[in-house]
Structure formats: C-alpha cells, structure tokens
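K.L.:
show me how the following folds:
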Amino acid sequence: MITRTISGLSALAWLAACGAPGAGVPADLPAAPAPPAVEATAFLTENAPAPAGAADTKGDGVFRDSEGRPFTYALLGQKLPAFTAPRADGSVFDSTAISEWTVIDIWGVWCSDCIADGPYVAALERAIAQDPDLDFLSIHVPASAARATPDEMWGKYGSLEAYFTSAGYRLPTAIDLDGSLRETLKISWTPSYLLVSPDGIVRGFRTDLSVAGSEPVKDFLRDVARVKGEVRQAALTVIGPAGIGGLTQVTPFTVTAVEAVFPGHDVIPVTGAESGVVTYEVRPRGSETARFTVQPDWTRGYVARVVTRDPAIRGPAGETIGVSTLDDLPPAARAGCTPDAQTLGELVCPDLDAPASFERVYALPDAGAAEGTAKLIELRYLSPVP
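P.N.:
This next block holds a predicted model:
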C-alpha cells in the first residue's frame, strides 16, 4: 500500500481528513459544466481513432481536442515505466512497489485546469482512502523540463505546502523536480489520471474531471470499478504456471476463499464417492457444469491444485482443450512427457519452464495414429509449497 503521509500534516488532521467514517464524495461540490461535443475527457481503456474534429496540432502524432487535451495515451495497456521520485514528506516513491490498483493524478500548481480539478481530486482521494483495494498518489510535474525552476513550478504559492494550505486539502504527492518523470510517463496534458493494476499495467487514462459532467468523481470511480471487474474476469480465462485469477500458493481451501478467487462463479463442495476426499467444483453462475476443479492440500489447509477440462479456458500459450495437440509442444517439452500414473491412456507433460507448477494432459491417440496427434484434454496448476 502506498503510504499516505504528507509533510506538515499532523497524524490527527490526516485521519480527520481522510479516515473519518462516512467521508467520501461530498454532495456540495460545484456542478461541472457539460463537456463540449468534441472533448477528450472520456475514460479510456484502449486507444481508438480520434473523432472528427481532432487535430495533431503539435506534430507529435497525438490528436487533441480544441483545448489541447489528447484523445489517446501512449502507455495505455503497457507496463508503467519504473521510476522513483521524492515525496513531499521526504520519503521516496518507487513505482515498482505498486501492488494494488492505484489511481495516479499527474498535475501542477502552475496549471489552471489542475487547480480547477483540485476539489474533485480531494473528493476522489477521500473516497479512495476508504477502499482497501484501491490506492491513490498524485505526482506534481512541471510544464516541461525547460520550466522546472522553483519560480515556474510553484508560482505565487512558493511551495507545494503553501498551495495545499491555501487550497484547504492535502494529497499524498511525489514530485518531478526536472520534468524527466513527465517525459517518462509520456504526459502531454495536465491534469492526467492513470489507473494502474497490481501487475503494473496502465489500464485506464483520462483528463480533466472538472469539465467532465455533473458527477465526475462518482463516474470516475464507477469506471475504475468496471475496469477492475473486467480485468478480473479476463484473468479467469487463462490458466498457467502463475495460477489463475487471484489464486496464490497460500489460498485457504475454504469456500469463501475460493469464491473470492472466482467471482461470478458458484463454488460447490463435492465428496468423492470412493476416496471420500472433498473437492470444489467451480461452475459459471447458474451452470451445472464444472469449469474448474479445486483440490486441497489437507496437511496445510491450502489449495493444492486447480484443473480444467473446459475448452473456454486457455493455456499460457493460447493452447485450447480439444484442439491443441502434442505436436504443438516444443520438442524439449515433449521429451518430459510421461504416462499418467493414475489414468490409462493419458500423457502428462510438465511445463518446460515451470514443471512443478503447471502440467498439460493429452489423451493418447488410437493405435496406429501418430503420438503427436494426441489432443490436449486437461490443464493443471499445482500450487507450490510456500
């Protein structure tokens, strides 16, 4: 979690501002004007062709609206570049430490649009402070590397602390001292807002809140929630050496914990008729067919393995159950395949790079058919012992 500390702010004042029960999006924010017909303030999850009326006014390949706001963002869908920056409280922010969904606000006190966004950002930060699965950071940047002097950075305020005192709110802030961070993050407009997932991917981008409609903060948070849900669902369509979805090597073998890994699914305990061992069938909500089977490690009380025979689930290389064949594996991976010790007619092939964590299972072909035509019938994730 990004530490929420700011220089010059007492712990009591910080808790009162950001941790008070019920503190969230205030109802008395000024109503934002309706956006013009061609306005680059939409929340983006992918770059699309700019609408009619947009122009590349700076010759840099970025199409902008009439005010100069970009319709695309260069890092959307990419890994956030690694960087460090001093914080206003004297500590150092390291982007590689991001481990939660994080909203990053990139702004400057020299920027009139950023000042206009200030009350909305303060409300946004207060709402995010109540969400244990979402974090917030602001990054103060200069207009450019050529305008990074203290006079141009802080203007009439003289310092970031003086600005916050004047504005009546505080934000956890890292500072770009020379414009290099602005360049690293490919920022062509302030204010800009990034949504970064726990794996460090930039999943969302938008510009000004203050001209975005009547409920810009609530709308932004709804967009964030939507993207989080979409990413989680997408993660449930691929199984590989890293597992599936939010599964970890220490996920407890309980219905509650497994339900959290598989949102939108029913988790049904099933007791083996002969073995007496309880496993979980994970079914798409409303379905009677298991998409995954979750097996326990009773000595530790954790999930031991997840298997699937559902063609809707792909392997790490895009392999498809019922379609992919043994011939699709590299020769080195095929060399490690062995007959299944428990099931006749099946071949188990440990993953070449993570043999202890992931296996592919193939049904041996009928007599006379080439072994390479064996069809993929199962994918297995084996949780490593912590």
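
K.L.:
so where's the stretch 251-386 of the chain shaky on pLDDT?
P.N.:
For the stretch 251-386 of the chain, the stretches with pLDDT under 70 are 386.

K.L.:
if we use 80, what do you get?
P.N.:
Applying pLDDT under 80 to the stretch 251-386 of the chain flags residues 368, 386.

K.L.:
equivalent analysis for the stretch 51-200 of the chain, please.
P.N.:
Ranges of the stretch 51-200 of the chain meeting pLDDT under 80: 53.

K.L.:
let me see the ranges of the helices in it.
P.N.:
112-129, 150-154, 160-167, 180-184 (DSSP state H, counting those that start in this stretch).

K.L.:
which of the ones you listed sits closest to Phe63?
P.N.:
When the helices of the stretch 51-200 of the chain are compared for distance to Phe63 using C-beta to C-beta, the nearest one is helix 112-129, at 18.6 Å. Glycine gets a C-beta too; all of them are placed from N, C-alpha and C.

K.L.:
could you list the residues in contact with the biggest helix by length in the chain?
P.N.:
As assigned by DSSP state H, the longest helix anywhere in the chain is helix 216-235. By C-beta atoms under 8 Å, 6 or more residues apart in numbering, the list of residues contacting helix 216-235 from outside reads 25, 29, 32, 43, 45, 101, 103, 120, 123-124, 127-128, 133-134, 193, 195, 197, 203-204, 206, 209-210, 212-213, 244-246, 263-264.

K.L.:
returning to that earlier point: so which of the helices of the stretch 51-200 of the chain is nearest Leu76?
P.N.:
Counting by C-beta to C-beta, Leu76 lies closest to helix 180-184 out of the helices of the stretch 51-200 of the chain; the figure is 15.2 Å.

K.L.:
dump the closest one to CSV, restricted to CA.
P.N.:
Provided in CSV are the C-alpha atoms of helix 180-184 (Å, rounded to 0.1, in the frame of the first residue of the first chain):
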residue,chain,number,x,y,z
SER,A,180,12.1,13.9,-16.6
LEU,A,181,9.3,12.0,-14.9
ARG,A,182,6.7,13.8,-17.1
GLU,A,183,8.7,12.7,-20.1
THR,A,184,9.0,9.1,-18.8
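
K.L.:
buried set for that helix?
P.N.:
181-182, 184 (16 or more other C-beta atoms under 10 Å).

K.L.:
most tightly surrounded among the helices of the stretch 51-200 of the chain?
P.N.:
Stretch with highest mean neighbour count among the helices of the stretch 51-200 of the chain: helix 112-129 (a mean of 20; mean count of other C-beta atoms under 10 Å).

K.L.:
now do it against helix 216-235, angle only.
P.N.:
Counting by axes from the mean of the first three to the mean of the last three C-alpha atoms, to 10 degrees, helix 112-129 lies at 60 degrees to helix 216-235.

K.L.:
going forward, begin numbering at 844 instead of 1
P.N.:
Got it, the first residue is 844 from now on, which makes the last one we talked about helix 955-972.

K.L.:
any idea of the angle helix 955-972 forms with helix 1003-1010?
P.N.:
Orientation check (the same axes, to 10 degrees): helix 955-972 against helix 1003-1010 gives 80 degrees.

K.L.:
distance of the residue most central in space within the chain relative to Tyr1006?
P.N.:
Centroid-nearest residue in the chain: Ser1040, 1.9 Å away (criterion: C-alpha atoms, centre = their mean). Plainly put, Ser1040 is 30 Å away from Tyr1006 if you go by C-beta to C-beta, to the nearest Å.

K.L.:
in terms of pLDDT, where does Arg847 sit?
P.N.:
On pLDDT, Arg847 comes in at 40.

K.L.:
ok, now Asp871?
P.N.:
We have a pLDDT of 54 for Asp871.

K.L.:
rewinding a little: reformat the helices of the stretch 894-1043 of the chain as a markdown table; add distance to Val1191.
P.N.:
Shown next, in a markdown table, are these (distance: least, C-beta to C-beta, whole Å):
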| stretch | distance to Val1191 |
| --- | --- |
| helix 955-972 | 46 |
| helix 993-997 | 61 |
| helix 1003-1010 | 59 |
| helix 1023-1027 | 46 |
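
K.L.:
quick one: which of those helices is nearest Glu1131?
P.N.:
For Glu1131, the closest of these is helix 955-972, at 39.8 Å, according to C-beta to C-beta.

K.L.:
filter the contacts of helix 1059-1078 to the buried ones?
P.N.:
For the contacts of helix 1059-1078, a burial check counting by 16+ other C-beta under 10 Å picks out 868, 872, 875, 886, 888, 944, 946, 963, 966-967, 970-971, 977, 1036, 1038, 1040, 1046-1047, 1049, 1052-1053, 1055, 1087-1088.

K.L.:
among those, which are located in strands?
P.N.:
944, 946, 977, 1036, 1038, 1046-1047, 1049 (DSSP state E).

K.L.:
dump those residues to CSV, plus distance to Lys999.
P.N.:
Shown next, in CSV, are these (distance: C-beta to C-beta, whole Å):
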residue, distance to Lys999
Trp944, 35
Val946, 28
Leu977, 33
Tyr1036, 25
Leu1038, 32
Arg1046, 36
Gly1047, 33
Arg1049, 28
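
K.L.:
among the helices of the stretch 894-1043 of the chain, which comes closest to Asp1153?
P.N.:
Using C-beta to C-beta, these put helix 955-972 closest to Asp1153, at 36.1 Å.

K.L.:
only alpha carbons, please: show the closest one as PDB.
P.N.:
Provided in PDB are the C-alpha atoms of helix 955-972 (Å, rounded to 0.1, in the frame of the first residue of the first chain):
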ATOM      1  CA  SER A 955      -5.200  26.400 -14.100                       C
ATOM      2  CA  ASP A 956      -7.000  23.200 -15.200                       C
ATOM      3  CA  CYS A 957      -5.300  21.300 -12.400                       C
ATOM      4  CA  ILE A 958      -6.400  24.000  -9.900                       C
ATOM      5  CA  ALA A 959     -10.000  23.700 -11.200                       C
ATOM      6  CA  ASP A 960      -9.800  19.900 -10.700                       C
ATOM      7  CA  GLY A 961      -8.500  20.300  -7.100                       C
ATOM      8  CA  PRO A 962     -11.800  20.000  -5.200                       C
ATOM      9  CA  TYR A 963     -12.700  16.900  -7.300                       C
ATOM     10  CA  VAL A 964      -9.300  15.300  -6.700                       C
ATOM     11  CA  ALA A 965      -9.600  15.900  -3.000                       C
ATOM     12  CA  ALA A 966     -13.000  14.200  -3.000                       C
ATOM     13  CA  LEU A 967     -11.600  11.400  -5.100                       C
ATOM     14  CA  GLU A 968      -8.700  10.800  -2.800                       C
ATOM     15  CA  ARG A 969     -11.000  10.700   0.300                       C
ATOM     16  CA  ALA A 970     -13.300   8.100  -1.400                       C
ATOM     17  CA  ILE A 971     -10.300   6.000  -2.400                       C
ATOM     18  CA  ALA A 972      -8.900   6.100   1.100                       C
END
